[in-house]
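In: Everything below, folded, please.
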Amino acid sequence: MSTNAIHPVILCGGSGTRLWPRSRRSAPKPFIPLVGERTLFRAAVERASDPQVFGAPVIVAGAQHVPLIEAQLPDGTGARIVVEPAAKNTAPAIALAAAVLDPDAVMLVCPSDHYIADDAGFVAAARKAAKLAKDDWLVAIGIAPDGPETGYGYIKLGEPLEGGHKVARFVEKPDLERAQGFLAEGGYAWNGGIFAFRAGALLAELAQHRPAMAEAVRNAAAKGVTEGEKFHPAADVFAGIEGDSIDYAVMENTGRAAVVEASMGWSDIGNWAALQDALSGDDAGNHAVGPAEFKDARRVLAISDGPRISVVGLEDVCVVVDGNEVLVTTREGAQLVGKLKGPAEG
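Out: Numbering: from 1, shown residues only. Below you'll find the predicted structure:
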């Protein structure tokens, strides 16, 4: 393994309720195969597994998901699993990973539930981001936008740096008119939630901007217990942390924010319509997983674990059958699936 290895930090939080009924609390989105045969979690690990580039991963997850992680981890990864005592959003989770790494280690923070079609593009972006991170830039890997997406935050690219840019500003999820304006203006990237930091630099910035959180993470890590490949931070200390995202806690406050733009076939698979966009369809844009038949239908996603789905004369709908649950939604309505009672109940 190279002494300049990049350490993947794979975050396994979230419940994926917008992909109900396939995604459940017992087996959420990262741990089910959605695009191809591999789960999104396994793909995230394997994507960052070249020993000439990457070191052993650190995986941050709640205790309920550890058995799924252990079952799906490829052999020989040398992964360390940080068992998060409570869900406190991304800033404490990332800080815990930084606390168990060498301060000079470069960490590449990756959500476990995103899809990336171009692994080589991902590695190239990771290398550029790591080079900036070694110079204590806090780096976001921005996704080159291919449409006026309103479901993502944006990053405005600022002054050039070697391999990237300074961040001019972070922009909240825009309405359609603003998103169209960003695309027309150019110089914007989607915020995909992928970051590179030197571990010590990230902890120093957190201490500056969220001192109470930084101190609590430090104490929780110092009083933690190692059990094989698992590390258990002190639960009583961690419980008192006020959670926050890494964007709000650090990235929007630091004067050292940088961005590396990447085109790598990225999707957060945030709902059934996003999954359909990541899959190839027939000439009419229909895609089926499991038994299905389309007649005079266009842009229909049909997924079934058993019963046959037949769709006639419809456009832009998603039909999902999982066990005894059936979901039918328009593409536009797919964002609201997580608000149904079904996802909340399991």
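In: from memory residue 112 sits against residue 12, does it?
Out: Yes: using CB atoms under 8 Å, residue 112 is in contact with residue 12, at 4.6 Å. (Each C-beta comes from the backbone N, C-alpha and C, glycine too.)
In: got any residues that touch both of the two?
Out: Shared contacts of residue 112 and residue 12 (CB atoms under 8 Å, 6 or more residues apart in numbering): 30, 41, 59.
In: Among these, which lie within helices?
Out: Judged by DSSP state H, the subset of the shared contacts of residue 112 and residue 12 located in helices is residue 41.
In: now the helices: where do they sit in the stretch 201-346 of the chain?
Out: Using DSSP state H, counting those that start in this stretch, the helices of the stretch 201-346 of the chain run over 211-222, 235-238, 246, 272-278, 341-345.
In: pLDDT of the third one, averaged?
Out: Taken as a whole, helix 246 has an average pLDDT of 97.
In: State the distance from residue 327 to residue 317.
Out: Remark: distance between residue 327 and residue 317 (CB to CB, to the nearest Å) = 10 Å.
In: related to what we said a few turns ago, closest to residue 140 out of the helices of the stretch 201-346 of the chain?
Out: helix 246 (9.5 Å; CB to CB).
In: burial of residue 40, as a residue count?
Out: Using other CB atoms under 10 Å, residue 40 is surrounded by 22 other residues.
In: quick one: contacts for it?
Out: With CB under 8 Å, 6+ apart, residue 40 has these contacts: 29-32, 34, 112-115, 269.
In: Buried ones among those residues?
Out: 29-32, 34, 112-115, 269 (16 or more other CB atoms under 10 Å).
In: export those to CSV and tack on distance to residue 145 and pLDDT?
Out: Compiled in CSV, the buried ones among the contacts of residue 40 are given as follows (distance: CB to CB, whole Å; pLDDT from 0 to 100):
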residue, distance to residue 145, pLDDT
29, 23, 94
30, 24, 95
31, 29, 95
32, 28, 92
34, 23, 91
112, 23, 96
113, 20, 94
114, 16, 95
115, 16, 95
269, 17, 93
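In: and of these, the nearest to residue 151?
Out: residue 269 (11.6 Å).
In: Pretty sure that closest one sits against residue 279.
Out: No: using CB under 8 Å, residue 269 is not in contact with residue 279; the gap is 10.1 Å.
In: joint contacts of those two?
Out: In contact with both residue 269 and residue 279: residue 35, using CB under 8 Å, 6+ apart.
In: Residue for residue, what is the longest helix this protein has?
Out: Per DSSP H, the chain has its longest helix at helix 119-134.
In: For that one, name the packing helices and strands.
Out: Applying 3 or more CB pairs under 8 Å, 6 or more residues apart in numbering; DSSP states H and E, one finds that helix 119-134 makes contact with strand 6-11, helix 40-47, strand 106-111, strand 138-143, strand 164-171, strand 188-198, strand 257-262.
In: Any buried residues in it, and which?
Out: Neighbour count says helix 119-134 has 119, 121-133 buried, by 16+ other CB under 10 Å.
In: again with stretch 333-346
Out: Buried residues in stretch 333-346 (16+ other CB under 10 Å): 334-335, 337-338, 343.
In: Quick one: mean pLDDT over the longest helix of the chain.
Out: Here the average pLDDT along helix 119-134 is 97.
In: next one: stretch 208-224
Out: For stretch 208-224, the mean confidence score works out to 97.
In: And the contacts of that stretch?
Out: By CB under 8 Å, 6+ apart, stretch 208-224 touches 85, 91-92, 95-96, 99-100, 203, 206-207, 231-235, 237-238, 240-242, 244, 249-250, 253-254.
In: Compute the first-to-last residue distance for stretch 193-206.
Out: One end of stretch 193-206 sits 17 Å from the other (CA to CA, to the nearest Å).
In: buried ones in that stretch?
Out: 193-199, 201-206.
In: okay if I get those residues as JSON lines plus distance to residue 290?
Out: Converted to JSON lines, the buried residues of stretch 193-206 look like this (distance: CB to CB, whole Å):
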{"residue": "193", "distance to residue 290": "30"}
{"residue": "194", "distance to residue 290": "31"}
{"residue": "195", "distance to residue 290": "36"}
{"residue": "196", "distance to residue 290": "39"}
{"residue": "197", "distance to residue 290": "41"}
{"residue": "198", "distance to residue 290": "46"}
{"residue": "199", "distance to residue 290": "44"}
{"residue": "201", "distance to residue 290": "47"}
{"residue": "202", "distance to residue 290": "43"}
{"residue": "203", "distance to residue 290": "47"}
{"residue": "204", "distance to residue 290": "50"}
{"residue": "205", "distance to residue 290": "47"}
{"residue": "206", "distance to residue 290": "45"}
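In: Tell me which of the helices and strands packed on helix 119-134 sits most buried.
Out: strand 138-143 (a mean of 28; mean count of other CB atoms under 10 Å).
In: What is the next helix or strand after that strand packed up against?
Out: Beyond strand 138-143 in the direction of the C-terminus, DSSP states H and E gives the next helix or strand as strand 154-161. On a contact count with 3+ CB pairs under 8 Å, 6+ apart, strand 154-161 meets strand 138-143, strand 164-171, strand 188-198, strand 257-262.
In: Next, format those strands as TSV and append distance to residue 24.
Out: Output for these, formatted as TSV (distance: least, CB to CB, whole Å):
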stretch	distance to residue 24
strand 138-143	28
strand 164-171	33
strand 188-198	23
strand 257-262	32
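In: re the thing from before, now tabulate the helices and strands packed on helix 119-134 in a markdown table and tack on distance to residue 219 and mean pLDDT.
Out: Shown next, in a markdown table, are the helices and strands packed on helix 119-134 (distance: least, CB to CB, whole Å; pLDDT from 0 to 100):
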| stretch | distance to residue 219 | mean pLDDT |
| --- | --- | --- |
| strand 6-11 | 20 | 98 |
| helix 40-47 | 29 | 97 |
| strand 106-111 | 20 | 98 |
| strand 138-143 | 23 | 98 |
| strand 164-171 | 30 | 97 |
| strand 188-198 | 21 | 97 |
| strand 257-262 | 27 | 98 |
